[in-house]
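1. Below are the sequence and a predicted model for it; my questions follow.
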There are 2 protein chains.
Amino acid sequence: MTINISTEDKIIDAAKKVFLQQGYSGARMQDIADAAGINKALLHYYFRNKDKLFELIFLQCTQKMIPTINSVFDSDEDIFNKIRQFVSTYIEMLSANPYLPMFIANELSKNPEKVIKMIMTKEGDRPHFNKFIKDIQSAIEQNIIEPIQTVSLFINIMSLCIFPYIAKPMMQFFLKLDELEYRMILEQRKQEVADFIINSIKK
Amino acid sequence: MTINISTEDKIIDAAKKVFLQQGYSGARMQDIADAAGINKALLHYYFRNKDKLFELIFLQCTQKMIPTINSVFDSDEDIFNKIRQFVSTYIEMLSANPYLPMFIANELSKNPEKVIKMIMTKEGDRPHFNKFIKDIQSAIEQNIIEPIQTVSLFINIMSLCIFPYIAKPMMQFFLKLDELEYRMILEQRKQEVADFIINSIKK
DNA sequence: GTCTATATATGGATAGAC
DNA sequence: GTCTATCCATATATAGAC
């Protein structure tokens, strides 16, 4: 049986799909209407214009993952477990939303001011990166891990998690990997990346 | 004194700037004409259409860096020095072309078939990644570095080098870093990243 | 709320004068 | 080679019937 989905939800789902894959400037209102199984006029009836619709989708996407991440940051595991947990939950979430990293990075790089204003205006959860960075700092002071620039380590962790999604076609092309092979590699990375990081920083 | 730059070169320079920052779908022929100090009609006189102009720029950009990279891959340094050299020359080149990673990753992700066809059709140098991967493999067999999936290590190295450029606005936003601070971090990474990698894999 | 038809704006491309 | 003017396709947005 088919559940009755409201037109608004159909539009949101469709818009999410199109915007995430095509980005703002590549997305066509017609494509969104088609994907939602309605016509353009109805799109404008529900969401006045492309900008408004985009803003909704963008904020919804960026907010969605924050609570899960924060629950990791806020836990009182030791630094190694925290890194392990962060890497595996983050990669897990990205595998469920593979277009998200490219989408966000791209919009942010095309139009930094507009996007940042959008985020700042709408209040909501923020990722507790500071908490994470403080934990790293404190682990260094307690002599648990090698001294390293915390900011630099943070960038490394994010790089190792996110880049394989942003550069998927590039990596597939370079390494001649098909869809399945690449997905298996991403799956393995949930452990490998944490090992790689911890190997590097542990005393 | 001002050197006399041919109109064609002015167009190419302008197109490079606009395409790299805006991507294919975000770039406007008008913007390119403006940046070149000419009008649209003249653009079309030199390069029949947007696609042709884009193809030229894209191929020129992707080819430019290959010889330098290959000279590192082809050298007969040991694996640690090779990693150090690759990381530092690669980051050096990216700092000189900070928009390039986002540009390539984005076009590839928006239109993989088209882009790959473009690359395959035009013959030219290819990066010798295989050589690098074989070197890693052989270092593992000789017991010089920890056993690790070579493909995985390769992805890690690329991630650590490239991601900070793709995600520059995101990282700046998260970490509240201004232009100068971020550029300093990138500069430091020429050493730090190699240390980070080698720390992780050395016996 | 949903549609068809249409207005309006934008951007790529061409014609033709100089 | 370079320009102005214009065309035409595409894309966003609105009007108005049902």
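-> That came in fine, so what should we check first?
2. how about the residues of chain A that lie near DNA strand C?
-> Proximity of chain A to DNA strand C, by CB under 7 Å from any atom of the strand, involves residues A:7, A:38-42, A:45-46. Where C-beta positions appear, they are placed from N, C-alpha and C, glycine not excepted.
3. quick one: low-confidence parts of chain A?
-> A:1-3 (pLDDT under 70).
4. mind redoing it with 90?
-> A:1-4, A:122-124, A:203 (pLDDT under 90).
5. Let me see the domain layout of chain A.
-> For chain A, automatic domain parsing gives the domain ranges A:1-48, A:59-201.
6. Let's have these in JSON lines, adding mean neighbour count.
-> JSON lines is the format used below for the domains of chain A (neighbours: other CB atoms under 10 Å in any protein chain shown):
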{"stretch": "domain A:1-48", "mean neighbour count": "16"}
{"stretch": "domain A:59-201", "mean neighbour count": "17"}
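7. Just send those back as TSV, with distance to DNA strand D too.
-> TSV is the format used below for the domains of chain A (distance: least, CB to the nearest atom of the strand, whole Å):
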stretch	distance to DNA strand D
domain A:1-48	3
domain A:59-201	14
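8. Distance to B:Val193 added to those domains, as TSV?
-> Output for these, formatted as TSV (distance: least, CB to CB, whole Å):
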stretch	distance to B:Val193
domain A:1-48	29
domain A:59-201	8
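9. and the residues of chain A next to DNA strand C, which two are the farthest apart?
-> Farthest apart among the residues of chain A next to DNA strand C by CB to CB are A:Thr7 and A:Lys40. That separation is 13.4 Å.
10. about what we covered before: how about the residues of chain A next to DNA strand C in a markdown table, adding secondary structure?
-> Below are the residues of chain A next to DNA strand C laid out as a markdown table (DSSP: H, G, I helix; E, B strand; the rest coil):
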| residue | secondary structure |
| --- | --- |
| A:Thr7 | helix |
| A:Ile38 | coil |
| A:Asn39 | coil |
| A:Lys40 | helix |
| A:Ala41 | helix |
| A:Leu42 | helix |
| A:Tyr45 | helix |
| A:Tyr46 | helix |
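11. Could you single out the nearest of those residues to chain B?
-> A:Lys40 (19.3 Å; CB to the nearest CB).
12. Next up, phi/psi of A:Lys202, please.
-> Here is the backbone geometry of A:Lys202 (degrees, to the nearest 10): phi -70, psi 150.
13. roughly how far apart are it and A:Phe103?
-> Using CB to CB, to the nearest Å, A:Lys202 is found at 34 Å from A:Phe103.
14. Go through the domains of chain A and name the closest to B:Ser109.
-> It is, among the domains of chain A and with distance given as CB to CB, domain A:59-201, at 5.2 Å.
15. Return the distance of the lengthiest helix in chain A from the chain's centre.
-> The longest helix of chain A (DSSP state H) is helix A:179-201. With CA atoms, centre = their mean, to the nearest Å as the basis, helix A:179-201 stands 17 Å off its chain's centre.
16. orientation of that helix relative to helix B:179-201 in degrees?
-> 90 degrees (axes from the mean of the first three to the mean of the last three CA atoms, to 10 degrees).
17. contact partners of helix A:179-201?
-> Contacting residues not belonging to helix A:179-201 are listed as A:80, A:83-84, A:87-88, A:91-92, A:95, A:145-146, A:148, A:153, A:156-157, A:160-161, A:164-165, A:168, A:171-172, A:177, B:146, B:148-149, B:151-152, B:155-156, B:196-197, B:199-201 [CB atoms under 8 Å, 6 or more residues apart in numbering or on different chains].
18. ok, now with 7 Å
-> With CB atoms under 7 Å, 6 or more residues apart in numbering or on different chains as the test, helix A:179-201 has contacts from A:80, A:83-84, A:87-88, A:91-92, A:95, A:145-146, A:148, A:153, A:156-157, A:160-161, A:164, A:168, A:172, B:149, B:151-152, B:156, B:196, B:199-200.
19. got the CA positions of it in PDB?
-> Presented in PDB, the C-alpha positions along helix A:179-201 are these (Å, rounded to 0.1, in the frame of the first residue of the first chain):
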ATOM      1  CA  GLU A 179      30.700   1.300  -7.700                       C
ATOM      2  CA  LEU A 180      30.800  -1.800  -5.500                       C
ATOM      3  CA  GLU A 181      34.500  -1.700  -5.000                       C
ATOM      4  CA  TYR A 182      34.400   1.900  -4.000                       C
ATOM      5  CA  ARG A 183      31.500   1.300  -1.600                       C
ATOM      6  CA  MET A 184      33.500  -1.500   0.100                       C
ATOM      7  CA  ILE A 185      36.500   0.800   0.500                       C
ATOM      8  CA  LEU A 186      34.300   3.400   2.200                       C
ATOM      9  CA  GLU A 187      32.900   0.700   4.500                       C
ATOM     10  CA  GLN A 188      36.300  -0.400   5.500                       C
ATOM     11  CA  ARG A 189      37.400   3.200   6.200                       C
ATOM     12  CA  LYS A 190      35.100   3.300   9.200                       C
ATOM     13  CA  GLN A 191      37.800   1.400  11.000                       C
ATOM     14  CA  GLU A 192      40.900   2.100   8.900                       C
ATOM     15  CA  VAL A 193      40.800   5.800   9.200                       C
ATOM     16  CA  ALA A 194      40.600   5.700  13.000                       C
ATOM     17  CA  ASP A 195      43.500   3.300  13.000                       C
ATOM     18  CA  PHE A 196      45.500   5.500  10.700                       C
ATOM     19  CA  ILE A 197      44.900   8.600  12.900                       C
ATOM     20  CA  ILE A 198      45.600   6.900  16.200                       C
ATOM     21  CA  ASN A 199      48.700   5.200  14.900                       C
ATOM     22  CA  SER A 200      50.000   8.600  14.000                       C
ATOM     23  CA  ILE A 201      49.300  10.400  17.300                       C
END
